[in-house]
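# Make a model of this:
(one chain, ligands or ions: 1)
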Amino acid sequence: MIFQILSYIKYSLIAKSVYSIKDKDLQKIAKHIFDEECDYYAFVTMDMLRKKMWSDQRSIQVTDFGAGSKSSNANERMVKSIAKSASKRSKYAKVLFRIIEKNNFKNCIELGTSLGLSTGYIAKANSESKVITFEGCPEIAKIAKENMQFIDVKNVDIQIGNFDETLPKYMGNMNSNNHFDFIFIDGNHRKEPTLRYFEWLLEKATEDAIFVFDDIHWSKEMYEAWKIIQKHPRVTVTIDIFEMGIVFLNPKYEKGDFVINY
Ligand SMILES: C[S@@+](CC[C@H](N)C(=O)[O-])C[C@H]1O[C@@H](n2cnc3c(N)ncnc32)[C@H](O)[C@@H]1O
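Now for the predicted structure:
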């Protein structure tokens, strides 16, 4: 907790506006993805789903895989409590939506489905896209599946099991022509697995792919992972918005690490 508070103070002191990004193309993208006025009808549907989950009284058995939730490690949890503690807030889920919509991304992957709130934003951003999302806990994944029906999306495939097994298996079965252009990593918030998943996914990432890492300031080790990702030879630009880190691979951009107010 102390780490997060100190990190937030540091972030607040150094974060700048999108105008600190000098590359005009990149600045244009940044302006769009962080434009909170930029609303879509899909956001209304996603708000309805969030409200539904926030009041869901069902109790389910949770299998905890990664670093888990800092607020509770209990095995039996109420759906509403999972929705409140694990799901990305709408302000940030909208960033995922705008990245995909702006870039017309069609091949999206998410590690950490949970109840499918972020998945919904990803899937609704482009109905022609294919979204593969991975979740370890079968009971949570079952509710995520119901939720995809509730919001009427048909482009989502939920893979159930530990990422350590399901991800390499899925990637091993991929056609050699298939690649990912949008990658959201929001599960198992530890340094070693985060870096390992990044390396695996890089093998299938297109040149213009964008990665988003959740909770880069969540712990010292997540921040260390973020620092290593920033220095990776395939990474050109990174944008830190505190709750998430956005990573561009496109070599057309001048190398730079930005800390942006959002
Ligand atoms: C923070 S939640 C995801 C929240 C979701 N992206 C959202 O914003 O709505 C992380 C999820 O990842 C899953 N998870 C963590 N580590 C995992 C692993 N090693 N294998 C499979 N699932 C894992 C957890 O079960 C949890 O549901």
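# Who are the contact partners of the residue of the stretch 151-262 of the chain found nearest the ligand?
Residue of the stretch 151-262 of the chain nearest the ligand, by CB to the nearest ligand atom: residue 187 (2.8 Å). C-beta coordinates here come from the backbone N, C-alpha and C atoms, glycine included. Neighbouring residues of residue 187 by CB atoms under 8 Å, 6 or more residues apart in numbering: 65, 66, 111, 112, 134, 135, 136, 163.
# So which of these wins on neighbours?
residue 135 (29 neighbours; other CB atoms under 10 Å).
# show me what contacts it?
Here residue 135 is in contact with 112, 113, 114, 141, 144, 158, 159, 160, 187 (CB under 8 Å, 6+ apart).
# so the residue sitting nearest the centre point of the chain is in which element?
With distances taken as CA atoms, centre = their mean, residue 184 lies nearest the centre of the chain, 3.4 Å away. Here residue 184, judged by DSSP states H and E, is contained in strand 180-185.
# what's the spacing between whichever helix or strand comes after that strand and its chain's center?
Remark: after strand 180-185, the chain's next helix or strand is helix 191-202, criterion DSSP H and E. Distance of helix 191-202 from its chain centroid, counting by CA atoms, centre = their mean, to the nearest Å, is 14 Å.
# other SSEs contacting helix 191-202?
Contact here means 3 or more CB pairs under 8 Å, 6 or more residues apart in numbering; DSSP states H and E; on that basis helix 191-202 packs against helix 163-172, strand 180-185, strand 205-214, helix 220-230.
# got the buried residues for the third one?
Neighbour-count burial for strand 205-214, counted by 16 or more other CB atoms under 10 Å, picks out 205, 209, 210, 211, 212, 213, 214.
# same deal with the last one?
By neighbour count, and taking 16+ other CB under 10 Å as the criterion, the buried residues in helix 220-230 are 222, 223, 225, 226, 229, 230.
# One more: stretch 124-144?
Residues 124-126, 129, 131-137, 139-141, 143-144 are the ones in stretch 124-144 that count as buried (16+ other CB under 10 Å).
# Could you do stretch 19-35 as well?
21, 26, 29, 30, 33, 34.
# which SS class is the third one?
The reference is to residue 29. Counting by DSSP: H, G, I helix; E, B strand; the rest coil, the backbone at residue 29 sits in helix.
# show me what contacts it?
For residue 29, the contacting residues are 102, 103, by CB under 8 Å, 6+ apart.
# contacting residues around the nearest residue to residue 187 once chain neighbours are set aside?
Nearest residue to residue 187, sequence neighbours excluded (CB to CB, 6 or more residues apart in numbering): residue 112, at 2.8 Å. Residue 112 is in contact with 66, 118, 134, 135, 184, 185, 186, 187, 188, 214, counting by CB under 8 Å, 6+ apart.
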